[in-house]
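Undergrad: Dropping the sequence and predicted coords here.
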Amino acid sequence: MSALDSTVTDEVRKSVYDDLADLMIGALEREELSISDTKQSAAFILSTLDTIQNETELIEFLRSLGTKWKSYAVELVKFEGKKQQFADEAKIKEIQGRLSQFIQTKQNGRTSTT
């Protein structure tokens, strides 16, 4: 597990469960999943998702799920998009903090020389 690999929280797990349930219902309504595939995929989801400990395992689970049943493939894209969004937001906050410090240092330098 890498230093960037974070633990999967109950909140993340619930969000994935909810998303997968919505995808399953939609696929059933569009007749993209048979009843048999729905039962098999539900069993796979229920037996696997609760055992996942970190983001790497979650990504591998979503990749495997999307490979076995195409109706679920979008969840991996959605999860990775959210992960990238959080990383981008953290980087923006870091840059804003550094910029604020730089500006404050410059302003303090001007007041001490005047």
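TA: Happy to help now that I have it.

Undergrad: Can you name the residues that contact Leu76?
TA: If you count contacts by CB atoms under 8 Å, 6 or more residues apart in numbering, Leu76 has them with 59, 62-63, 65-66. Every residue, glycine included, has its C-beta placed from N, CA and C.

Undergrad: which regions of this structure sit below the pLDDT cut-off?
TA: For the chain, the stretches flagged by pLDDT under 70 are 1-4, 111-114.

Undergrad: any idea what sits nearest the spatially most central residue of the chain, other than its immediate chain neighbours?
TA: Geometric centre of the chain, nearest residue: Phe79, 3.2 Å, by CA atoms, centre = their mean. With sequence-adjacent residues excluded and distances taken as CB to CB, 6 or more residues apart in numbering, Phe79 is closest to Leu62, at 6.1 Å.

Undergrad: among the contacts of Leu76, which are in helices?
TA: 59, 62-63, 65-66 (DSSP state H).

Undergrad: Return the closest of the residues you listed with respect to Leu20.
TA: Distance to Leu20 across the ones in helices among the contacts of Leu76 (CB to CB) is lowest for Leu65, with 7.7 Å.

Undergrad: Neighbours of the closest one, how many?
TA: 23 (other CB atoms under 10 Å).

Undergrad: Wait, it touches Tyr72, no?
TA: Yes. If you go by CB atoms under 8 Å, Leu65 and Tyr72 touch, sitting 4.7 Å apart.

Undergrad: list the residues that contact both of these two?
TA: Common neighbours of Leu65 and Tyr72 (CB under 8 Å, 6+ apart) are 20, 41.

Undergrad: Now do Arg13 against Ile45, distance only.
TA: Distance, Arg13 to Ile45, using CB to CB, to the nearest Å: 11 Å.
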